[in-house]
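Participant: Please find the sequence and the predicted model below.
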Amino acid sequence: MTPPQTPRRSLLLTYHDPQCTNYGAGQRTHFLLKALGQYATTDVVLLSETDAPNHTTDLPAELGGGKLFHLNYVPKNLLDRAWCGLPSKRLSTLLTNTIDFNQYDCIVCRYITPYLKFNLPGNKPLIIDFDDPIYSISWSLLNSPRALLKEAVKWLNQRLITWRLKAARLKSATFLFVCERDQKAFPQLKGGLLSNMPAFPQHPADYSASDGKTLLFVGFMSWQPNIIAVEHFLAHIWPKILAKNPSAQFRIVGKSTPENLKRWNTFPNCIAEGYAENIDAAYKNAAICVVPVLSGGGSNIKVPEALAHNRPGVVSVYAFNGWRNYFVENKDLLVAYDDDAFAAHCTALLTDRELALKLAQTGHHSVLRKLSFDSFAKQVGYTLQSVFPAQTQ
């Protein structure tokens, strides 16, 4: 797809800073903006619940060279909250006073929330990056009243969002789904797949750099599905691994509460350190990357991220389901269908270094071939072409 003769302008609305790539949602926002910038000058409205003053900065050429509008506000009620699927008249007014929509040929929403929250003009093509549209949780594994209340509110909000998807305006929008599982759940919405892609390390460490004993889990540890995954792993899988591999270590990397870090560090041979400034160093030491996720939403970017760092992965069926079209079971990674199988896979990789090396190599080659930025950007281009067929051919 070649750039249009007449410069096009698009506007991206997001709650995630496209220049912050140390977590999954930020990475996708970064790549989405970078791809949009190849076809249209793209400005960004970054929405933040903070009392910092509003200001405007220039985006780097790598991200399209547009403007970044920092729209900050302190929520005054439930409707102002970023996660709430109901409109906010106050925030709509703030956005209208900041942005001249007439300058733009297209509006792109990172997640559906900006559309639900703001009164956007109905005469502009609308693209919605429909990330995490399905959210499920293992209610029986929630271990505190606070967690139960938080997840109940989230569940109710998801039902509200699903109801609002029937709106006439949304029926004309174009949706981008991260995996087939999500797309099949909403057959009434037109659009296509835009798979997540990992942030590739500039110099992925050779597998020989691993310490041969560390199992690594990387994730945002305030996200309940990640908490459940780690606690299930520690309770039901880790003891089985330690029984056959007493020197093994389980390392948990990701921002978390002090209470959770303290509790996880009481488990044998478990190191829960919280946020890591240098995530590449954490992957370098790892012998195995584990993704024992049982619920949640999206595609689980942890899976290809492990492969991008040249590390063998053992993943749950739930985590693998988001990547069935990209990776081959037992060739690119190992898939566990129950706790015993998960422990057995990890033990096999800890004791058979040749198997671990082979899996790391094949998985790494697959992720490089199938999840490149070029293919990601082309899909964004095709989407814009469907929105502006006459202008972008």
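Facilitator: Yep, it's here. This is a predicted model, so every value here is computed, not measured.
Participant: Which parts of the stretch 201-350 of the chain are strands?
Facilitator: Using DSSP state E, counting those that start in this stretch, the strands of the stretch 201-350 of the chain run over 214-218, 249-253, 270-274, 288-291, 313-316, 334-336.
Participant: Residue 369: which of those is closest?
Facilitator: Closest to residue 369 of the strands of the stretch 201-350 of the chain, according to Cβ to Cβ: strand 313-316, at 16.4 Å. Using the backbone N, CA and C atoms, a C-beta is placed for each residue, glycine as well.
Participant: and the closest one, which strands flank it?
Facilitator: Here strand 313-316 has these sheet partners by DSSP bridges: strand 288-291 (parallel), strand 334-336 (parallel).
Participant: which one of those is the most hemmed in?
Facilitator: Highest mean neighbour count of the strands paired with strand 313-316: strand 288-291, a mean of 28 (counted as mean count of other Cβ atoms under 10 Å).
Participant: residues contacting residue 299?
Facilitator: 178, 179, 182, 195, 196, 322, 323 (Cβ atoms under 8 Å, 6 or more residues apart in numbering).
Participant: who's in contact with the fourth one?
Facilitator: This means residue 195. Residue 195 touches 178, 179, 299, 326, 371, 376, counting by Cβ under 8 Å, 6+ apart.
Participant: Point out the least confident one among those.
Facilitator: Across the contacts of residue 195, the smallest pLDDT goes to residue 299, namely 75.
Participant: Quick check: mean pLDDT of stretch 333-344?
Facilitator: Mean predicted confidence for stretch 333-344 is 98.
Participant: end to end, how far does it reach?
Facilitator: 14 Å (Cα to Cα, to the nearest Å).
Participant: Relative to residue 318, how far out is residue 162?
Facilitator: 21 Å (Cβ to Cβ, to the nearest Å).
Participant: which of these two has more neighbours?
Facilitator: Of the pair residue 162 and residue 318, residue 318 is the one with more neighbours under other Cβ atoms under 10 Å, namely 19 against 14.
Participant: ok, the more buried one to residue 298 distance?
Facilitator: Counting by Cβ to Cβ, the gap from residue 318 to residue 298 is 11 Å.
Participant: out of the contacts of residue 299, what pair is the most spread apart?
Facilitator: Checked with Cβ to Cβ, the contacts of residue 299 reach their widest spread between 182 and 323, with 12.6 Å between them.
Participant: Which one's more surrounded, the two?
Facilitator: residue 323 (26 against 21).
Participant: From what I see, that one and residue 179 are in contact.
Facilitator: Yes: with contacts counted by Cβ atoms under 8 Å, residue 323 reaches residue 179, the gap being 7.5 Å.
Participant: I'd like the contacts of residue 195 as TSV, with distance to residue 355 appended.
Facilitator: As requested, these are arranged in TSV below (distance: Cβ to Cβ, whole Å):
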residue	distance to residue 355
178	30
179	28
299	26
326	21
371	24
376	31
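Participant: Between the residues you listed, which sits nearest residue 58?
Facilitator: Of those, the one sitting nearest to residue 58 (Cβ to Cβ) turns out to be residue 376, at 23.9 Å.
Participant: In terms of secondary structure, what does the host helix or strand of the closest one contact?
Facilitator: In the assignment (DSSP states H and E), residue 376 maps to helix 373-387. With contacts taken as 3 or more Cβ pairs under 8 Å, 6 or more residues apart in numbering; DSSP states H and E, helix 373-387 sits against helix 24-36, strand 126-129, strand 174-177, strand 191-193, helix 389-392.
Participant: CA atoms only for it, dumped as CSV, please.
Facilitator: The C-alpha coordinates for helix 373-387 follow below in CSV (Å, rounded to 0.1, in the frame of the first residue of the first chain):
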residue,chain,number,x,y,z
PHE,A,373,6.4,-5.1,12.5
ASP,A,374,6.2,-5.1,8.7
SER,A,375,3.2,-7.5,8.7
PHE,A,376,1.6,-5.6,11.6
ALA,A,377,1.9,-2.3,9.7
LYS,A,378,0.6,-3.8,6.5
GLN,A,379,-2.6,-4.9,8.3
VAL,A,380,-3.0,-1.4,9.7
GLY,A,381,-2.6,-0.1,6.1
TYR,A,382,-5.2,-2.5,4.8
THR,A,383,-7.6,-1.3,7.4
LEU,A,384,-7.1,2.3,6.5
GLN,A,385,-7.6,1.3,2.8
SER,A,386,-11.0,-0.1,3.7
VAL,A,387,-11.9,3.1,5.4
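Participant: can you give me how far that helix is from the chain middle?
Facilitator: Offset of helix 373-387 from its chain centre (Cα atoms, centre = their mean, to the nearest Å): 19 Å.
Participant: same question, stretch 296-304
Facilitator: Centroid separation for stretch 296-304 versus its chain: 6 Å, with Cα atoms, centre = their mean.
Participant: do the same with stretch 181-197
Facilitator: Relative to the chain's own centre, stretch 181-197 is displaced by 15 Å; criterion: Cα atoms, centre = their mean.
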